[in-house]
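In: pasting the structure only:
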Ligand SMILES: [Zn+2]
């Protein structure tokens, strides 16, 4: 018998690779944080002696969800200024509050609260863009989530950095100090074409190539952004990024709401990824990204929740359901984004965008054991004809019972194993009181 740290017995496993498969009566053996085998239960029983056994008789196991775009610390701004246009929301509420309030403590507490919500919803990896990345990284390590921390760059000053040069220097120093943390990876994160200069974008392209890092950037979110770019730069933002050398397999275009057919082709030709954030795009009335067209042309498309200030949930199951439904409604084609495709977008596509698809995103031997278990016994998810359909169209975060990251159990019986929810609740209330007073004074 071979030794395994954990064996999970489940009613179903959706491994994502091979695509479209639902395994029944299978078990997963894990050791050292890595998946040793996914096989029928009798075979695992004959081969592995497990130190710990978890039996989930009515559950489906899926790869942990990959939240491809968020600003985790912004959970502290959830519901602060709803129902505003993007620029009113940013200029008159979010940016002034951030200017006065954002600090290492704000980022640590906000990110920790976000991590708790994400873990309970089956998210095991998130791609973050915010100030004080080191504190976001500390919080994600404390929570035990995998995180791709964005090294943010923006031209204007904040409590974090003085100018673009300073942002980049701080980001690079952060990466140097944290690069040995096993659950962390990094990305260059120019905020958006309209907040970052040509010179800075060129520098970012150089760093990304030298350090083999993805480039995580808001892009083509609104029609105003595109019109402004045409006016000031003579070209649309995507074309500007192309000229500056940012297009390639590492580019993660966040939102990509407004794309002409030729621009979808350009993303496909360069192997770029898209982080589709449908709730944020709807809430800020930005529009609906052409996901059907992107998938048809082979653009790697993952899903992100965006920050809690513009969603207002960090719920990847809900986000993925919305992505599937919107794509059907917009194209008037119900075969666009079927359940297995939606699950692929929420897992392996996100991992690929981050350059992590060799390590996570599917349940196959050799990959890290990032796994979410979803209980399909409840009334809202009964009867179950097809577990993939049930996960995408019927289940929500409340049905996620167990979550492992790198083989470690982080959620068990719907409860966080390592984090104290009561303490996080007190932190949230503390920050709400401070921020509400500040926002009222600004108005
Ligand atoms: Zn965003």
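Out: Thanks, I have the structure now. Being a predicted model, the structure only gives us computed values, none of them experimental. Residues are numbered from 1 along each chain as shown.
In: For the rest of this, base every contact and every neighbour count on C-alpha atoms.
Out: OK.
In: so is residue 59 in a helix, a strand, or just coil?
Out: strand (DSSP: H, G, I helix; E, B strand; the rest coil).
In: what residues are up against residue 369?
Out: Contact analysis of residue 369 by C-alpha atoms under 8 Å, 6 or more residues apart in numbering lists 30, 33, 34, 35, 360, 363, 404, 405, 406, 407.
In: so which two of these are the farthest from each other?
Out: Largest separation among the contacts of residue 369 by C-alpha to C-alpha: 30 and 360, giving 13.8 Å.
In: So residue 78 is in contact with residue 308, correct?
Out: Yes. In this structure residue 78 lies within contact range of residue 308 using C-alpha atoms under 8 Å: 5.2 Å.
In: How about stretch 421-429, which residues are buried there?
Out: Neighbour-count burial for stretch 421-429 flags 424, 427, 428 (criterion: 16 or more other C-alpha atoms under 10 Å).
In: From those, which land in strands?
Out: In strands, judged by DSSP state E, none of the buried residues of stretch 421-429 are found.
In: ok, back up a step: neighbour count winner among residue 78 and residue 308?
Out: For residue 78 and residue 308, the more surrounded residue by other C-alpha atoms under 10 Å is residue 308, and the numbers stand at 22 against 17.
In: which residues does the more buried one contact?
Out: Counting by C-alpha under 8 Å, 6+ apart, residue 308 has contacts 70, 71, 72, 74, 75, 77, 78, 314.
In: Specify which member of those is nearest to residue 261.
Out: Set against residue 261, the nearest of these by C-alpha to C-alpha is residue 70 (26.7 Å).
In: wait, what's in contact with the closest one?
Out: Contacts here follow C-alpha under 8 Å, 6+ apart; on that basis residue 70 touches 126, 127, 128, 129, 304, 305, 306, 307, 308.
In: same thing but 6 Å
Out: When contacts are counted by C-alpha atoms under 6 Å, 6 or more residues apart in numbering, residue 70 is found next to 128, 305, 306, 307.
In: do the same with residue 339
Out: Contacts were defined as C-alpha under 6 Å, 6+ apart; by that measure residue 339 touches 388, 389, 392.
In: how far away is it from residue 321?
Out: Taking C-alpha to C-alpha, to the nearest Å as the measure, residue 339 and residue 321 are separated by 8 Å.
In: which non-adjacent residue is nearest residue 392?
Out: For residue 392, the nearest residue in space outside its immediate sequence neighbours is residue 321; the separation is 5.4 Å by C-alpha to C-alpha, 6 or more residues apart in numbering.
In: continuing past the helix or strand where the one you found lies, what's the next helix or strand?
Out: Here residue 321 is covered by helix 316-331, with elements defined by DSSP states H and E. Downstream of helix 316-331, the next assigned helix or strand under DSSP H and E is helix 339-344.
In: Which parts of the stretch 51-200 of the chain are strands?
Out: Remark: strands assigned in the stretch 51-200 of the chain by DSSP state E, counting those that start in this stretch are 65-70, 123-128, 146-153, 184-190.
In: Note down every partner strand of the first one and its orientation.
Out: Which is strand 65-70. Each strand that strand 65-70 pairs with, and the sense of that pairing, follows from DSSP bridges: strand 123-128 (parallel).
In: How about the longest one?
Out: Based on DSSP bridges, the strands next to strand 146-153 in the sheet, each with its direction, are strand 123-128 (parallel), strand 184-190 (parallel).
In: what is the mean pLDDT for the longest one?
Out: Across strand 184-190, pLDDT averages out at 98.
In: Is it correct that residue 236 is in contact with residue 230?
Out: Yes. Under the criterion of C-alpha atoms under 6 Å, residue 236 makes contact with residue 230 at 5.3 Å.
In: Looking at the two now, which is surrounded by more residues?
Out: Higher neighbour count among residue 236 and residue 230: residue 236, with 20 against 14, using other C-alpha under 10 Å.
In: how much space between that one and residue 251?
Out: 17 Å.
In: Name the single longest helix found in the chain.
Out: In the chain, assigned by DSSP state H, the helix with the most residues is helix 421-442.
In: by contact count, what packs against that one?
Out: In this structure, helix 421-442 makes packing contacts with no helix or strand, judged by 3 or more C-alpha pairs under 6 Å, 6 or more residues apart in numbering; DSSP states H and E.
In: how about 10 Å then?
Out: In terms of contact count using 3 or more C-alpha pairs under 10 Å, 6 or more residues apart in numbering; DSSP states H and E, helix 421-442 is assigned the packing partners helix 95-101, helix 104-120.
In: picking up where we left off before, farthest-separated two in the contacts of residue 70?
Out: 128 and 305 (10.6 Å).
In: and for those two, which residues touch both?
Out: Overlap between the contact sets of residue 128 and residue 305, as judged by C-alpha atoms under 10 Å, 6 or more residues apart in numbering, is given by 67, 68, 69, 70, 71, 72.
In: how about TSV for these, with pLDDT and distance to residue 265 added?
Out: As requested, the shared contacts of residue 128 and residue 305 are arranged in TSV below (pLDDT from 0 to 100; distance: C-alpha to C-alpha, whole Å):
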residue	pLDDT	distance to residue 265
67	98	25
68	98	21
69	98	22
70	98	26
71	98	28
72	98	31
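In: and which of those is nearest to residue 399?
Out: Looking at these and their distance to residue 399, the nearest is residue 67, at 18.0 Å (C-alpha to C-alpha).
In: Quick check: the closest one touching residue 314?
Out: Yes. Counting by C-alpha atoms under 10 Å, residue 67 touches residue 314, with 8.5 Å between them.
In: Give the intersection of the neighbour lists for these two.
Out: Joint contacts of residue 67 and residue 314 (C-alpha under 10 Å, 6+ apart) are 118, 123, 304, 305, 306.
In: For the residues you listed, name the two members farthest from one another.
Out: The largest separation in those, counting by C-alpha to C-alpha, is between 123 and 306 at 13.5 Å.
In: Need the overlap of contacts for the two.
Out: The overlap between the contact sets of residue 123 and residue 306 (C-alpha under 10 Å, 6+ apart) consists of 67, 314.
In: Any stretches of the stretch 201-350 of the chain with poor pLDDT?
Out: In the predicted model of the stretch 201-350 of the chain, no residue satisfies pLDDT under 70.
In: on that earlier part again, packing partners of the helix holding residue 321?
Out: So helix 316-331, by 3+ C-alpha pairs under 10 Å, 6+ apart, packs with strand 65-70, strand 273-276, helix 278-283, helix 291-296, strand 300-303, helix 339-344.
In: out of residue 67 and residue 314, which sits in the more crowded spot?
Out: The neighbour count for residue 67 versus residue 314, taken as other C-alpha under 10 Å, is higher for residue 67 (30 against 26).
In: Can you list the neighbours in contact with the longest helix of the chain?
Out: Applying C-alpha under 10 Å, 6+ apart, the contact partners of helix 421-442 are 75-78, 80-81, 92-94, 96-98, 100-101, 106, 109-110, 112-114, 116-117, 415.
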